[in-house]
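Student: test case, fold it:
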Amino acid sequence: MKKILCVEDEAINAFVIKKMLQKKYEITLVYNGLDCLNAISKQNFDLILMDINLGDDNHNGIELVQQIKTLPNAKNTKFIAITAFALPEDKQKFLDQGFDDYISKPIEEVILNNILKKMI
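Tutor: Take a look at the predicted model:
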(Lines give C-alpha, C1' and ligand atoms only; values in the text may rest on other atoms or scores of the structure.)
Protein backbone atom coordinates (compact mmCIF):
# COMPACT_ATOMS: atom_id res chain seq x y z
CA MET A 1 0.00 0.00 0.00
CA LYS A 2 1.35 3.44 -0.96
CA LYS A 3 2.19 5.76 1.92
CA ILE A 4 0.91 9.32 2.10
CA LEU A 5 1.84 11.94 4.67
CA CYS A 6 -0.79 14.65 5.14
CA VAL A 7 0.51 17.86 6.74
CA GLU A 8 -2.54 19.93 7.69
CA ASP A 9 -2.88 22.14 10.77
CA GLU A 10 -6.69 22.07 10.78
CA ALA A 11 -7.67 18.78 12.44
CA ILE A 12 -11.06 18.58 10.72
CA ASN A 13 -9.48 19.01 7.28
CA ALA A 14 -6.89 16.34 8.07
CA PHE A 15 -9.61 13.97 9.27
CA VAL A 16 -11.67 14.50 6.09
CA ILE A 17 -8.63 13.81 3.90
CA LYS A 18 -7.85 10.66 5.86
CA LYS A 19 -11.44 9.41 5.48
CA MET A 20 -11.25 10.04 1.72
CA LEU A 21 -8.04 8.08 1.26
CA GLN A 22 -7.67 5.47 4.00
CA LYS A 23 -9.18 2.60 2.00
CA LYS A 24 -6.61 2.90 -0.79
CA TYR A 25 -3.56 4.34 0.96
CA GLU A 26 -1.68 4.21 4.25
CA ILE A 27 -2.22 7.71 5.65
CA THR A 28 -0.14 9.44 8.31
CA LEU A 29 -1.50 12.74 9.67
CA VAL A 30 0.63 15.47 11.21
CA TYR A 31 -0.41 18.98 12.16
CA ASN A 32 2.79 21.06 12.04
CA GLY A 33 6.21 21.36 10.47
CA LEU A 34 8.16 19.74 13.30
CA ASP A 35 5.94 16.65 13.32
CA CYS A 36 6.27 16.50 9.53
CA LEU A 37 10.06 16.43 9.70
CA ASN A 38 9.94 13.83 12.49
CA ALA A 39 7.63 11.58 10.46
CA ILE A 40 9.87 11.82 7.40
CA SER A 41 12.92 10.93 9.49
CA LYS A 42 11.22 7.69 10.57
CA GLN A 43 9.82 6.44 7.25
CA ASN A 44 9.62 7.08 3.53
CA PHE A 45 6.46 8.41 1.92
CA ASP A 46 5.38 8.08 -1.69
CA LEU A 47 3.53 11.37 -1.57
CA ILE A 48 3.11 14.31 0.78
CA LEU A 49 -0.05 16.43 0.87
CA MET A 50 1.19 19.76 2.23
CA ASP A 51 -0.98 22.58 3.52
CA ILE A 52 0.63 25.87 2.48
CA ASN A 53 -0.50 27.93 5.49
CA LEU A 54 0.26 25.77 8.49
CA GLY A 55 -0.31 28.37 11.19
CA ASP A 56 3.12 27.30 12.44
CA ASP A 57 5.48 30.12 13.45
CA ASN A 58 8.51 28.10 12.36
CA HIS A 59 7.34 26.54 9.09
CA ASN A 60 5.16 27.08 6.07
CA GLY A 61 4.37 24.47 3.46
CA ILE A 62 6.61 25.90 0.75
CA GLU A 63 9.66 26.10 3.02
CA LEU A 64 9.01 22.60 4.34
CA VAL A 65 8.85 21.09 0.86
CA GLN A 66 12.08 22.81 -0.14
CA GLN A 67 13.74 21.44 3.02
CA ILE A 68 12.33 17.92 2.55
CA LYS A 69 13.51 17.77 -1.07
CA THR A 70 17.12 17.96 0.17
CA LEU A 71 16.72 14.74 2.19
CA PRO A 72 18.01 11.52 0.58
CA ASN A 73 14.97 9.46 1.60
CA ALA A 74 12.62 11.95 -0.12
CA LYS A 75 14.28 11.77 -3.53
CA ASN A 76 11.30 10.03 -5.15
CA THR A 77 8.56 11.63 -3.05
CA LYS A 78 5.82 13.57 -4.84
CA PHE A 79 4.37 16.76 -3.33
CA ILE A 80 0.87 18.18 -3.63
CA ALA A 81 0.07 21.63 -2.25
CA ILE A 82 -3.21 21.96 -0.36
CA THR A 83 -4.35 25.56 -0.42
CA ALA A 84 -7.26 27.94 -0.31
CA PHE A 85 -5.60 29.88 -3.15
CA ALA A 86 -7.39 28.80 -6.31
CA LEU A 87 -6.32 31.22 -9.04
CA PRO A 88 -4.56 29.85 -12.15
CA GLU A 89 -1.40 31.84 -11.40
CA ASP A 90 -1.31 30.31 -7.91
CA LYS A 91 -0.98 26.82 -9.40
CA GLN A 92 2.05 27.87 -11.44
CA LYS A 93 3.60 29.52 -8.37
CA PHE A 94 3.39 26.24 -6.44
CA LEU A 95 4.78 24.22 -9.35
CA ASP A 96 7.68 26.68 -9.61
CA GLN A 97 8.38 26.22 -5.89
CA GLY A 98 8.80 22.45 -6.06
CA PHE A 99 5.31 20.99 -5.87
CA ASP A 100 4.21 18.38 -8.40
CA ASP A 101 0.57 19.50 -8.33
CA TYR A 102 -1.92 21.33 -6.17
CA ILE A 103 -5.48 21.05 -5.03
CA SER A 104 -7.62 23.87 -3.70
CA LYS A 105 -9.81 23.78 -0.62
CA PRO A 106 -12.44 22.61 -0.09
CA ILE A 107 -10.99 19.35 -1.38
CA GLU A 108 -13.19 17.30 -3.65
CA GLU A 109 -12.64 13.55 -3.30
CA VAL A 110 -12.88 12.81 -7.03
CA ILE A 111 -10.32 15.46 -7.93
CA LEU A 112 -7.92 14.34 -5.19
CA ASN A 113 -8.18 10.69 -6.23
CA ASN A 114 -7.58 11.57 -9.89
CA ILE A 115 -4.43 13.49 -8.99
CA LEU A 116 -3.16 10.65 -6.79
CA LYS A 117 -3.80 8.04 -9.50
CA LYS A 118 -1.58 10.03 -11.88
CA MET A 119 1.23 10.40 -9.36
CA ILE A 120 1.58 7.18 -7.39
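Student: starting at the chain centroid, how far to the lowest-mean-pLDDT helix or strand in the chain?
Tutor: Taking mean pLDDT, DSSP states H and E as the measure, the chain has helix 88-96 as its least confident helix or strand, at a mean of 87. Put simply, helix 88-96 sits 15 Å off its chain's centre (CA atoms, centre = their mean, to the nearest Å).
Student: strand partners (parallel or antiparallel) of the helix or strand that it is followed by?
Tutor: Downstream of helix 88-96, the next assigned helix or strand under DSSP states H and E is strand 101-104. Strands adjacent to strand 101-104 in the sheet, as given by DSSP bridges, are strand 78-83 (parallel).
Student: ok, now which ones touch the closest residue to residue 83 other than its chain neighbours?
Tutor: Closest residue to residue 83 apart from its sequence neighbours, by CB to CB, 6 or more residues apart in numbering: residue 52 at 4.4 Å. For the C-beta atoms, the positions are set from N, CA and C on the backbone; glycine is no exception. By CB atoms under 8 Å, 6 or more residues apart in numbering, the contact list for residue 52 reads 60-62, 81-83, 85, 94.
Student: can you lay out those as TSV showing neighbour count and distance to residue 46?
Tutor: Formatted as TSV, those follow (neighbours: other CB atoms under 10 Å; distance: CB to CB, whole Å):
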residue	neighbour count	distance to residue 46
60	16	23
61	27	18
62	17	21
81	26	16
82	25	16
83	20	21
85	15	25
94	23	19
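Student: least confident of those?
Tutor: Lowest in pLDDT among the contacts of residue 52 is residue 85, which has 77.
Student: sticking with the most centrally placed residue in the chain, tell me its helix or strand.
Tutor: With distances taken as CA atoms, centre = their mean, the chain has residue 49 as the residue nearest its mean C-alpha position (1.3 Å). In the assignment (DSSP H and E), residue 49 maps to strand 47-51.
Student: tell me the helix or strand right after that strand.
Tutor: Once strand 47-51 ends, the next helix or strand along the chain (criterion: DSSP H and E) is helix 61-68.
Student: and the angle for that next one with strand 78-83?
Tutor: Angle of helix 61-68 versus strand 78-83, following axes from the mean of the first three to the mean of the last three CA atoms, to 10 degrees, is 160 degrees.
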